[in-house]
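J.: here is my input; please provide its structure:
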Amino acid sequence: MLSNPEERVCVDSRRHGVVLVKPLSRALALAVLGVTSFALGWPLSLAGAGLLVVSALVALAAVWRWDRTHVVLTTEKLFIVHGVMRRRAAAVHLARIGAVEVDQSLLGRLLGYGTIVAGDLEIPGVPRPRELIGLVQFLGR
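T.: As a prediction, this is how the structure comes out:
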C-alpha cells in the first residue's frame, strides 16, 4: 500500500483485543453445549463432539481474522488491511481528511479502544485512538 519511496509507516497495529469478545463468547457457548451433550452419553455424545469441533473452529477463525487485520498509518494515508485469502484495504489520504473523530464508550475509555472516523473510513476497535488521531492530525498538516 506504500505509493511512493518517501512514504514511511508510522503505525502498524492490530485492532484491540476487545473485538474478540463476541466471537469467543459464541465459541465458549458452543463448547459448553458440546461438553454438556458429551456428558449426557450416547447418542448425544456424538452431537457434543461435533459442537466441540465447531466451537474450536469458530474460535480459531476469530483469532485468525483478528491477527490478519491491521490498522496502518503512513506519512500519507490511514488505512485498514484485512483478509486471509484475499487481502483487502480501505484507505484515506491524510491530505484529504476533513474532520477526524473518535467515538469511545465508557468501556472503551476504560480499556483504551475506540472507533476512528476519518473521512469515509470508519475503523472500530482501534487501540489508543486518541494517540493515533493526534498523529493523524500532526501528519495531515
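J.: which residue of this protein lies farthest from its centroid?
T.: Distance from the C-alpha centroid of the chain, by Cα atoms, centre = their mean, peaks at W42 (39.8 Å).
J.: helix or strand: which one has the residue lying closest to R15 once chain neighbours are set aside?
T.: Counting by Cβ to Cβ, 6 or more residues apart in numbering, R15 lies nearest to G125, which is 4.0 Å off, once chain neighbours are set aside. For glycine as for every other residue, the C-beta is placed from the backbone atoms N, C-alpha and C. G125 is part of strand 121-127 when elements are defined by DSSP states H and E.
J.: same thing with R109?
T.: Going by DSSP H and E, R109 is in helix 106-111.
J.: and the residue nearest to R15, how many neighbours?
T.: 20 (other Cβ atoms under 10 Å).
J.: can I get stretch 53-62 in CSV, CA atoms only?
T.: Provided in CSV are the C-alpha atoms of stretch 53-62 (Å, rounded to 0.1, in the frame of the first residue of the first chain):
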residue,chain,number,x,y,z
VAL,A,53,-15.2,-29.1,16.9
VAL,A,54,-17.4,-26.3,15.7
SER,A,55,-16.5,-24.3,18.8
ALA,A,56,-12.8,-24.7,18.2
LEU,A,57,-13.2,-23.7,14.5
VAL,A,58,-15.2,-20.5,15.5
ALA,A,59,-12.5,-19.5,18.0
LEU,A,60,-9.7,-20.2,15.6
ALA,A,61,-11.4,-18.3,12.8
ALA,A,62,-12.0,-15.3,15.0
